[in-house]
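Novice: curious how this folds, go ahead:
(chains A and B)
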Amino acid sequence: MDRYEQVIELAKRRGFLWKSFEIYGGTAGFYDYGPLGSTLKRRIEQIWREIYVIHEGYMEIEAPTIGIEEVFVASGHVGGFSDPLCECKCCEEAFRADHLVDDIVTCADGLHIKELDRVIAENGVKCPECGGELGKTYEFNLMFKTNIGPGSGRQGYMRPETAQGMFVDFMRLARFYRDKLPFGATQIGKSYRNEISPRQGVIRLREFTQAEAEIFIDPSNKEHPNFQRFAATSVNLYSDEAQDTGVMESMTLSEAVRRGTIAHEFLAYQIGLTDYFLKRIGIASDKLRFRQHKKDEMAHYAIDCWDAEIETARFGWVEVVGIADRTDYDLKAHASISNTELSIYREYTEPRIVRSFVVKPDMSKLGPLFKGKAKDVAEALKLMRQEELEKDRITIIIDGEEAEVPKEAVDFTEETVKISGENIIPHVIEPSYGIDRIFYSTMEHAFEEEKWRTEEEVDEDARIVMRFKNEVAPVQVAVLPLLTRDELIRPSRDIKASIKRKGLLVAYDDSGTIGRRYRRNDEIGTPYSVTIDYDTVENNTVTIRDRDSMKQIRVPVDNIADLLYGLIYGDSEFESAGEAL
RNA sequence: GCGCCGAUGGUCUAGUGGCUAUGACUGGGGCCUUCCAAGCCCUAAACCCGGGUUCGAAUCCCGGUUGGCGCACCA
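Specialist: Residues are numbered from 1 along each chain as shown, chains lettered A, B, ... in the order given. Below is the predicted model:
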C-alpha cells in the first residue's frame, strides 16, 4: 500500500473524500467532500480569502458557472479547447489529426476538420501504426455543453475556468475601483472540463474548484509597491534553463528579478504570496517548487508563467497553481468579440502639447480619379511623411502598381494638439489555484505513520496522525471525559458548550478507552484534546493534550475556550499555556 | 478511446461450480476501567451492475460500470 492509498483510504473512512454516486457505481472524475473534507477545504479557502481578498484587496465576485457561447469564442475555448481526433478503422488507434498532416501543410493546427479530412484523403495519409485506413476526423471539445432555455435554446457551456467571469466584468470592476490601476478581482468556485480519461483520483477531476485572481496592472509599470515583503524570501526555482540541466535553485525573489529569471517584480510578488499560502496551510517546503513554463509550452500570449508544484508520493511533482502574465490578450479578445472598449483612461500628470503632421486627402478629387481604389489611395497618403508629399511628383503603390497622385488632391498641415491622457489596456497577472489538488497535497503532507518502540516492548507501537496546521484542522478540539461516569460527563458537556460558543468546532466523545479516543482524534488531526478527570471535579482544572507531542498540560476550566482559541488562531505556545504534566 | 490486470461488510481480506460466505480491525450497546488502539459479553454490516451457461454461480462466459498500470490525451 503506497502513501497515496493510505491517505485515500483514511480520507474515505473518516469522511474527507468519497467517490461520487457510489451506490450507482460511481463515475470517473467526480468526488464528494465528506463532513471533514468540506470543513478542511473551506478552511483552506478561507485562508486564501484572507490573503487575496482582505490583505491584497482583490474583492471576490461570483459569476455564473454556465457561460454563453460568445464568452468562450472570445476566450478561445470554443475553437482551441479541443483536439481534432482521428481513428484508424483497422487498429482503432486514435491520433491527433493535425499532427498527422503536420509535414504536408504549413499550419496544420489552424485547419478545420473538413480540411484535415481533405488533406488526409488527397495525400493518402494512412495509420502510422498499422498502415490502415483512417476514419473521419472529429472535434473533441473539453467543455461540457448545455442548452440555455427550452427547445433549440442558446448554446451554453459549463465554464472551464473562473477567469473569464472577471474579464467579462472588467468595465464594472474598473468603475468599482474608480478607474485606478492596479486592481483585481477574485473568484472561488467550480469549473468543469470533460476530460477524456480522468485518472489519478482527485488530481484530475471533471468538476473541480478553482481560486483565481485576475489582477489588472499598468503595462508600463510592473513593479510591486510592496515587493519588499518577499524580497528576501527564498524559493525553489526550476527555471526554463534549470530544466535543461535538471538542477533546481534556491534563490531569493529579489535575486530572481535582478537576474531576470522571473520577468518582473509583480510576478515575483505573486510567487511570494503563493509560497506563503502553501506553507501556511501545511505544504512541506522541501516538497514545493516553482517551475517556469518552457518557451514552447507557454500560451502564445503569455510573457512569463510559473507553476507552483508539490511533490507527492505517487504522482511526483503535481502542478497546483499557475501564475502567469497574460498580458492584454484576454481583454483585447473580449473587446473585439463584444465590440466594447475594455480599457482604462490614464490621465498624464501634465497635458502634452503635441505637434502632429496631418494629411488631408481631397476625396472629391481622388474619387473620380481612382474610383473604387480611392479609399486605399487616401489611406496610403495618410501614412506618408512631409518630405514625400513635398516632392514634385507624389507616387504611391496600390495593388502592386505605381500611381501618381496630383498635388492638388492632397493637402497637409502641421497641427498642435493637447493630449491630457490616453486609453491603455491593462495587463493581467493571474494566479490560478487548483483547490482540490492543494487539498489532497495538504492531506498527504499532513499524513504520518508514527512508529516507536519503548525499551521493554518488543513489538512496534504505531499511530496514524494527520499533522494538520491548527488553522486548517477540521475538528479543532475534542472533549473527552476520562471515564463514562456521570460526574465526569456533566462538566464535560458544559466545557463543550463553552468552546462551541467561541466558534470552535468541537467533538465530544465518551465511548471506549481514553487511548482509543486519542488515536481516533489523531487520525482526523484534531490538534487538542481536553480531558475531564476527577481533579476537574475537585479543583476545576482539566488537561489539554497536544496531538503532535502527546504531551499534556493542566489548566483551569474558567477561560478554557479563550485559551484554546489562542492556541489555534493566536501565537500561544502550548507548553507555556499551562502546568506541564 | 485502446490494451493488460483487478472489484467480497465501513476498512483489509479468505473463498476456483455445491452446508447458513471466512477472519481481523473498525462501528454501536453494555460490563470493567483514573490518561494513550487493554479485557469480557452482546450486536450491526458484504459477493459492483445486467445478461448467459448450469439442477445449482461470489466462482465459468459475454456486456457495462469502476479502480490500477501502459499507450493516447492533458488550451
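Novice: in three-state terms, label whichever residue of the stretch 401-550 of chain A sits closest to RNA strand B for me.
Specialist: Nearest residue of the stretch 401-550 of chain A to RNA strand B: residue A:515, at 2.5 Å (CB to the nearest atom of the strand). All C-beta atoms are positioned from the backbone trio N, CA, C, and that covers glycine. Of the three states, residue A:515 takes helix under DSSP: H, G, I helix; E, B strand; the rest coil.
Novice: list the contacts for residue A:78?
Specialist: A:69, A:72, A:141, A:143, A:157 (CB atoms under 8 Å, 6 or more residues apart in numbering).
Novice: just the buried members of those?
Specialist: Buried by 16 or more other CB atoms under 10 Å: A:72, A:141, A:143, A:157, out of the contacts of residue A:78.
Novice: out of those, who's nearest RNA strand B?
Specialist: Among the buried ones among the contacts of residue A:78, residue A:143 lies closest to RNA strand B (CB to the nearest atom of the strand), at 8.8 Å.
Novice: rewinding a little: tell me which two of the buried ones among the contacts of residue A:78 sit farthest apart.
Specialist: Using CB to CB, the two most remote members of the buried ones among the contacts of residue A:78 are A:72 and A:141, lying 9.5 Å apart.
Novice: any common contacting residues for the two?
Specialist: Contacts common to residue A:72 and residue A:141, judged by CB under 8 Å, 6+ apart, are A:78, A:81.
Novice: count of residues packed around residue A:444?
Specialist: Residues near residue A:444, counting by other CB atoms under 10 Å, number 24.
Novice: who in the stretch 201-350 of chain A is up against RNA strand B?
Specialist: A:201, A:299, A:314 (CB under 7 Å from any atom of the strand).
Novice: so which of these are in helices?
Specialist: Counting by DSSP state H, none of the members of these fall within helices.
Novice: scan the residues you listed and report the most crowded one.
Specialist: Using other CB under 10 Å as the neighbour test, those are led by residue A:201, with 20 neighbours.
Novice: report pLDDT for the residue in the stretch 51-200 of chain A that RNA strand B sits nearest to.
Specialist: Nearest residue of the stretch 51-200 of chain A to RNA strand B: residue A:197, at 3.7 Å (CB to the nearest atom of the strand). Confidence at residue A:197, expressed as pLDDT, is 75.
Novice: so who does it touch?
Specialist: Residue A:197 makes contact with residue A:28 under the criterion CB under 8 Å, 6+ apart.
Novice: equivalent analysis for residue A:498, please.
Specialist: Residue A:498 is in contact with A:560, A:561, counting by CB under 8 Å, 6+ apart.
Novice: which SS state does it fall under?
Specialist: With three-state DSSP as the basis, residue A:498 sits in helix.
Novice: count of neighbours near residue A:62?
Specialist: What residue A:62 shows, counting by other CB under 10 Å, is a neighbour count of 10.
Novice: ok, it touching residue A:187?
Specialist: Yes: counting by CB atoms under 8 Å, residue A:187 is a contact partner of residue A:62 at 6.8 Å.
Novice: buried residues, stretch A:435-446. List them.
Specialist: For stretch A:435-446, burial by neighbour count (16+ other CB under 10 Å) applies to A:435, A:436, A:437, A:438, A:439, A:440, A:441, A:442, A:443, A:444, A:445, A:446.
Novice: could I get those residues as CSV with distance to residue A:161 and secondary structure?
Specialist: CSV is the format used below for the buried residues of stretch A:435-446 (distance: CB to CB, whole Å; DSSP: H, G, I helix; E, B strand; the rest coil):
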residue, distance to residue A:161, secondary structure
A:435, 13, helix
A:436, 14, helix
A:437, 15, helix
A:438, 16, helix
A:439, 18, helix
A:440, 20, helix
A:441, 20, helix
A:442, 22, helix
A:443, 24, helix
A:444, 25, helix
A:445, 26, helix
A:446, 28, helix
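Novice: same list, those, but as a markdown table with pLDDT and distance to residue A:34 please.
Specialist: Shown next, in a markdown table, are the buried residues of stretch A:435-446 (pLDDT from 0 to 100; distance: CB to CB, whole Å):
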| residue | pLDDT | distance to residue A:34 |
| --- | --- | --- |
| A:435 | 95 | 16 |
| A:436 | 94 | 14 |
| A:437 | 94 | 18 |
| A:438 | 95 | 17 |
| A:439 | 95 | 12 |
| A:440 | 93 | 14 |
| A:441 | 94 | 18 |
| A:442 | 94 | 15 |
| A:443 | 93 | 12 |
| A:444 | 93 | 17 |
| A:445 | 93 | 20 |
| A:446 | 94 | 16 |
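Novice: so residue A:280 sits against residue A:471, correct?
Specialist: Yes: between residue A:280 and residue A:471 there is a contact under CB under 8 Å: 7.3 Å.
Novice: so what sits against both of those two?
Specialist: residue A:47.
Novice: what's the strand ranked longest in chain A packed up against?
Specialist: Secondary structure of chain A read by DSSP state E shows that its longest strand is strand A:344-361. Counting contacts by 3 or more CB pairs under 8 Å, 6 or more residues apart in numbering; DSSP states H and E, strand A:344-361 packs against helix A:374-382, strand A:410-424.
Novice: can you name the next helix or strand after the helix or strand where residue A:464 lies?
Specialist: In the assignment (DSSP states H and E), residue A:464 maps to strand A:461-466. Using DSSP H and E, the helix or strand that follows strand A:461-466 in sequence is strand A:477-481.
Novice: I'd like the average pLDDT over stretch A:546-556.
Specialist: Here stretch A:546-556 scores 93 as its mean pLDDT.
Novice: do stretch A:1-15 as well
Specialist: 88.
Novice: for stretch A:256-263, same thing?
Specialist: For stretch A:256-263, mean pLDDT is 93.
Novice: got the contact list for residue A:404?
Specialist: Going by CB under 8 Å, 6+ apart, residue A:404 touches A:393, A:394, A:395.
Novice: could you give the bridge partners of the second one?
Specialist: Which is residue A:394. Beta-bridge partners recorded for residue A:394 (DSSP bridges): residue A:405.
Novice: and the contacts of residue A:78 as TSV, adding distance to residue A:206?
Specialist: Shown next, in TSV, are the contacts of residue A:78 (distance: CB to CB, whole Å):
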residue	distance to residue A:206
A:69	21
A:72	17
A:141	14
A:143	11
A:157	14
